[in-house]
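J.: Output the structure for:
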Amino acid sequence: MPKQQVNTSIFDFYGRPPLDKALPLSLQHVLAMIAGVITPPIIVAGVVGASVEERLLLIQIAVLASGVSTLFQLYGVWKFGARLPAIFGVGFAYVPTLVAVGGQYGLAGILGAQLIGGICMMVVGYFIQYIRHLFPPVVAGTVVLVIGLSLYDIAVRYMAGSGNVEAPGFGEPLNWLVALITLLTVLIASQFARGVVKLSAIIVGIVVGYLLSLLLGMVSFEAVADAGWVAVPQFMPFELEFHTSAIIAMVIICVINSVQTIGDLSATTVGGMNRELKTRELTGGLLGNGLTTTLSAFFGALPTATFSQNVGIVAMTRVISRFVLALAGGFMLLAGLSPKFSALVTTIPYPVLGGATIIVFGMITMTGIKLLIKDELSARNMTIVGLALALSLGIAQVPEAIAQVPEAIAQLPEWIQSVVGGSPIVVAAITAFTLNLVLPRVTLADEERERERMARADEENNCSTIQDPEAATYSHRQEGSTGKASNN
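T.: Here you go, the predicted structure:
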């Protein structure tokens, strides 16, 4: 019998390319997401006043949870898992709510509320097949577009030297030099190279930027030396507490994050696979994300979400091989079990990450636009998109405005203010979803018929005016008097 040919295509979800080809493609996914994975636990640890040991544990378990959730989503179990080329992990979108809840109730309050929020996310996933029509391309595309636009400031801060503008050395010319050389390398590799180098443009840029950073003395290996080799996660390393206001806040952000998941998964299929997202894939993605968020609470990991920067990589390279992304998930899994390996990955300077990922964030924005034009650009839809963009980005740029409006708003609980003003994605999702429900559904054809009707009515009015003798006589007299006045 003839030997069955093995599918080695990187452009096929079930393709299994050779390791030397898949490895660089998977590493760029790891490097694109690693900063986003470790930043939320670092922020939360600072807010809740965690010890050094607790801080390292939060980072380690966040990396581990990201690897597990990615593999779970790629392969799935029963109805759980999107089975799409998507990366999942501890996400940025929750940070404003986590900070508000953590500041009031500590880490135990966060994890207890997260447990309930994850369950609610699974409920949304179960019923999404009945309510998916409430999230058409105009809503999902708007969310993806705002995701891309809202990431630009993160990339620019990274290029300037840190995620914190008050960090020492922020904005120094040396940081910008490294960032711009990294960005230039990515552009050259993606536009002029061929084969694996072209597809691995992100990792090529990071390698060049990292080597330059080494030469300039910008890399510190102190964390690597202090980190242990192996650390197994523990069940319930932190207590779980349940507070009503914390649960409400977390449920809201988890449900809204489901809209972001819809947008990211839609962007993955549209940008990487050139097709619409299937209901089965969407249901599995939401159920899987809800389950990993729920289980993560028992191990001290923060809520999981889709990673938009990795969606941008898939859209840019069109590499959708599950094997490639599974390697990335495996790397994260190893990093979570080995703190030393995780510490090594975190030695990449911020300017290198910023220079490599800013083009990816741009691809996310373009994917959102691609989603939007799949629907009609009617006046109704443009109103939805325009108003959602204006409110979300406007409020995000001036979050202090929420505290300066009338006292009734200013006195709202802090978690409500953080939900409204902390994330433009949240505001965009709420605005687009609400307008899509409230505004009458008018298609381009309806608008064209209405214009034709108005044109005919206007033409009929003009004809009736000319045929009216009194109107015609009056018009003639007016013209005569005007002529005499001009002659005089």
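
J.: Can you tell me the closest non-neighbouring residue to residue 204?
T.: residue 189 (4.5 Å; CB to CB, 6 or more residues apart in numbering). Yep, even glycine has a C-beta here, placed from its N, CA and C like the rest.

J.: ok, now residue 347?
T.: In space, and not counting its chain neighbours, residue 347 is closest to residue 219: 5.4 Å by CB to CB, 6+ apart.

J.: Neighbours of the one you found, how many?
T.: By other CB atoms under 10 Å, 14 other residues sit near residue 219.

J.: returning to that earlier point: hang on, the residue nearest to residue 204 packs against residue 205?
T.: Yes: with contact defined as CB atoms under 8 Å, residue 189 counts as touching residue 205 (6.6 Å).

J.: which one of these two has more residues nearby?
T.: residue 205 (27 against 20).

J.: What is the burial count for the nearest residue in space to residue 143 that is not next to it in sequence?
T.: Sequence neighbours aside, residue 263 is the residue nearest to residue 143 in space, at 3.8 Å (criterion: CB to CB, 6+ apart). Neighbourhood size, residue 263 [other CB under 10 Å]: 33.

J.: and the host helix or strand of residue 263, what's its mean pLDDT?
T.: For residue 263, the element it lies in under DSSP states H and E is helix 244-273. Averaged over helix 244-273, pLDDT sits at 83.

J.: and it, how far from the chain's centre?
T.: Chain-centre distance of helix 244-273: 9 Å, with CA atoms, centre = their mean, to the nearest Å.

J.: ditto for stretch 101-109
T.: 25 Å.

J.: Where do the helices of the stretch 351-488 of the chain begin and end?
T.: Taking DSSP state H, counting those that start in this stretch as the test, the helices found in the stretch 351-488 of the chain are 379-397, 401-404, 407-410, 414-422, 424-438, 444-467, 469-487.

J.: Actually, the stretch 101-250 of the chain.
T.: Using DSSP H, counting those that start in this stretch, the helices of the stretch 101-250 of the chain run over residues 137-160, 173-192, 195-199, 201-215, 222-226, 244-273.

J.: Tell me which of these approaches residue 327 most closely.
T.: Checking the helices of the stretch 101-250 of the chain against residue 327 by CB to CB gives helix 201-215 as the closest, at 12.4 Å.

J.: Near residue 346, how many other residues are there?
T.: Residue 346 has 18 neighbouring residues, counting by other CB under 10 Å.

J.: do the one 5 residues further on as well
T.: Around residue 351 sit 28 other residues, with neighbours defined as other CB under 10 Å.

J.: thinking again about what came up before, redo the helices of the stretch 101-250 of the chain as CSV? Include distance to residue 301.
T.: Shown next, in CSV, are the helices of the stretch 101-250 of the chain (distance: least, CB to CB, whole Å):
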stretch, distance to residue 301
helix 137-160, 21
helix 173-192, 30
helix 195-199, 31
helix 201-215, 26
helix 222-226, 20
helix 244-273, 14
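
J.: And those helices: which comes nearest residue 354?
T.: Short answer: helix 137-160, nearest of these by CB to CB, at 2.9 Å.

J.: Could you check the angle the closest one makes with helix 379-397?
T.: When axes from the mean of the first three to the mean of the last three CA atoms, to 10 degrees is applied, the directions of helix 137-160 and helix 379-397 differ by 30 degrees.

J.: Which positions in helix 137-160 come out as buried?
T.: By 16 or more other CB atoms under 10 Å, the buried positions in helix 137-160 come out as 137-151, 154-155, 157-160.

J.: nearest residue to residue 361 other than its sequence neighbours?
T.: residue 151 (4.2 Å).

J.: Could you list which residues are in contact with that neighbour?
T.: Neighbour list for residue 151: 308-309, 361, 364 [criterion: CB atoms under 8 Å, 6 or more residues apart in numbering].

J.: Swap in 7 Å and give it another go.
T.: Contacts for residue 151 (CB atoms under 7 Å, 6 or more residues apart in numbering) come out as 308, 361, 364.

J.: thinking again about what came up before, does the residue nearest to residue 347 touch residue 351 like I think?
T.: No: applying CB atoms under 7 Å as the test, residue 219 and residue 351 come out as separate, 11.3 Å apart.

J.: The residue nearest to residue 361 and residue 307: what is the separation?
T.: Applying CB to CB, to the nearest Å, the value for residue 151 to residue 307 is 11 Å.

J.: same question, residue 385
T.: Relative to residue 307, and taking CB to CB, residue 385 is found at 24 Å.

J.: List the buried residues for the helix holding residue 263?
T.: Buried residues in helix 244-273 (16+ other CB under 10 Å): 245-254, 256-273.

J.: returning to what we had before: distance check, the residue nearest to residue 361 against residue 100.
T.: Separation of residue 151 from residue 100 (CB to CB) stands at 21 Å.

J.: for residue 381, same thing?
T.: Applying CB to CB to residue 381 and residue 100 gives a distance of 33 Å.

J.: Next one: residue 175, what pLDDT does it get?
T.: The model's pLDDT for residue 175 equals 91.

J.: That one: how many residues sit nearby?
T.: Here the number of neighbours of residue 175 (other CB under 10 Å) works out to 25.

J.: So it versus residue 36, what's the distance?
T.: 19 Å.

J.: same question, residue 144
T.: Distance of residue 144 to residue 36, given as CB to CB: 17 Å.

J.: again, but for residue 196
T.: Residue 196 is 25 Å from residue 36, by CB to CB.

J.: More neighbours: the two, which one.
T.: residue 36 (25 against 17).

J.: dump the residue contacts of the more buried one.
T.: 92, 307, 309.

J.: now do residue 326
T.: 71, 74.

J.: Before we go further, it is sitting in a helix, right?
T.: Yes: looking at residue 326 with DSSP: H, G, I helix; E, B strand; the rest coil, it is inside a helix.
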